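Q: With the input below, show me the fold.
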Amino acid sequence: MAGLEYVIRRLNWRRTHYGIVRMPGSVVIGALPSLEEAEDDRAHREAEVRARVANPFICGPNHASRSRLPEPIFCDWLRDAGIEPLQAGQKKPVNWVGWWEQARVRFTPQQPAHVWAGLDRVRFFEVITRPEGSVGYAVVRVDWEYNDNWMEPGTEGGTPIKVFRKWEKAEQHRRELEEKKRHDLGYSSAEDSADDRGARYETTRWTEEELWPLGSSPNGLHSEISTTFAYGGTAPFYEIVEVDLPSLHAGVSDE
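A: Next up is the predicted model:
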């Protein structure tokens with residue numbers, strides 16, 4: 001009987017002209033055999049992104065998009081931790097973005113986490129539970145194509161190499177293939193990011209998956225996502241894609 005796996009998904013937050021909003025969709029970034037491991041992984045990733053976002057109130061266009069607590073109840077929530085919120089005026093809403101910038105300098109080490117907890121709709125990762133083996137993880141070779149200026153990922157989605165039932169096995173195989181490819185290209189390690197030999201690779205899709213829109217944007221908060229390039233030392237040559245196992249008949253590793 002198949003067991004359960006605990007899947008970590010990155011929620012799809014993106015910049016807009018007024019801040020950061022959650023868009024439809026998510027990306028699976030890992031699957032672990034226990035809920036405790038998955039929650040630890042999610043919490044680590046969540047803390048890292050929160051530090052990059054810095055001000056949680058730039059997430060979402062209004063209070064209702066940030067918290068299920070009505071604003072008066074949210075204010076009481078803050079007072080429970082000794083945090084005094086601003087009072088809404090009769091005609092103007094609370095400027096929570098400005099409030100955070102002024103109030104955080106007086107926060108105790110525990111109080112920022114209390115504010116984030118009350119903003120329960122501002123989450124960047126989640127853990128879901130599903131039957132193990134309900135999907136497979138295909139290691140796919142990125143088919144780079146030269147456009148006379150730089151290398152672009154092919155439009156056909158890449159070439160499947162091998163399908164695994166477990167994420168960690170697929171990730172291990174992907175890493176092994178990446179290391180071999182970089183070695184064949186003459187790069188000393190996967191961290192060889194300073195080497196600019198050879199063609200440039202257009203890597204916007206993968207850079208987005210690393211949540212760069214939540215960090216320092218090259219052209220400021222109001223910019224659109226721009227094209228990002230890498231050289232061979234850091235460009236991805238393999239990736240993992242989820243596939244529906246019931247539609248497969250062969251080639252699936254039991255690992």
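Q: so which helix or strand takes in the closest residue to residue 124 other than its chain neighbours?
A: In space, and not counting its chain neighbours, residue 124 is closest to residue 49: 4.6 Å by CB to CB, 6 or more residues apart in numbering. Placement of C-beta: from N, CA and C, glycine included. Taking DSSP states H and E as the criterion, the element that holds residue 49 is helix 35-53.
Q: just residue 206 next, same as before
A: helix 204-209.
Q: With residue 8 instead?
A: With DSSP H and E as criterion, residue 8 is part of strand 4-16.
Q: quick one: that strand to chain centroid distance?
A: Distance, stretch centre to chain centre, for strand 4-16: 6 Å (CA atoms, centre = their mean, to the nearest Å).
Q: Counting by contacts, list what it packs against.
A: strand 19-32, helix 35-53, strand 125-131 (3 or more CB pairs under 8 Å, 6 or more residues apart in numbering; DSSP states H and E).
Q: List the buried residues in that strand.
A: By neighbour count on 16 or more other CB atoms under 10 Å, the buried set for strand 4-16 is 5-10, 13, 15.
Q: and of these, the nearest to residue 230?
A: Closest to residue 230 out of the buried residues of strand 4-16 is residue 10 (20.1 Å), distances taken as CB to CB.
Q: On the strand side of things, show who the nearest residue to residue 162 once chain neighbours are set aside bridges to.
A: The spatial neighbour of residue 162 that comes closest, neighbours along the chain excluded (CB to CB, 6+ apart), is residue 139 at 5.3 Å. Residue 139 has these beta-bridge partners by DSSP bridges: residue 162, residue 240.
Q: Let me see the contact set for residue 139.
A: 160-164, 170, 173-174, 177, 238-240 (CB atoms under 8 Å, 6 or more residues apart in numbering).
Q: If you rank the residues you listed by neighbours, which is first?
A: residue 170 (27 neighbours; other CB atoms under 10 Å).
Q: So which other helices or strands are in contact with the helix or strand where that residue lies?
A: If you go by DSSP H and E, residue 170 is part of helix 167-185. Other elements packing on helix 167-185 under the criterion 3+ CB pairs under 8 Å, 6+ apart are strand 19-32, strand 135-141, strand 159-164, strand 238-244.
Q: Buried residues of it, list them for me.
A: Counting neighbours by 16+ other CB under 10 Å, helix 167-185 gives 167, 169-171, 173-174, 177-178, 181-182 as buried.
Q: Also stretch 130-150?
A: By neighbour count with 16+ other CB under 10 Å, stretch 130-150 contains the buried residues 135-142, 144.
Q: again, but for stretch 66-77
A: For stretch 66-77, a neighbour-count test (16+ other CB under 10 Å) marks 66-67, 69, 71, 74-75, 77 as buried.
Q: ok, and the closest non-adjacent residue to residue 87?
A: For residue 87, the spatially nearest residue (CB to CB, 6+ apart) is residue 94, at 7.5 Å.
Q: Could you pull up the residues touching the one you found?
A: Contacts of residue 94 (CB under 8 Å, 6+ apart): 63, 71, 85-88.
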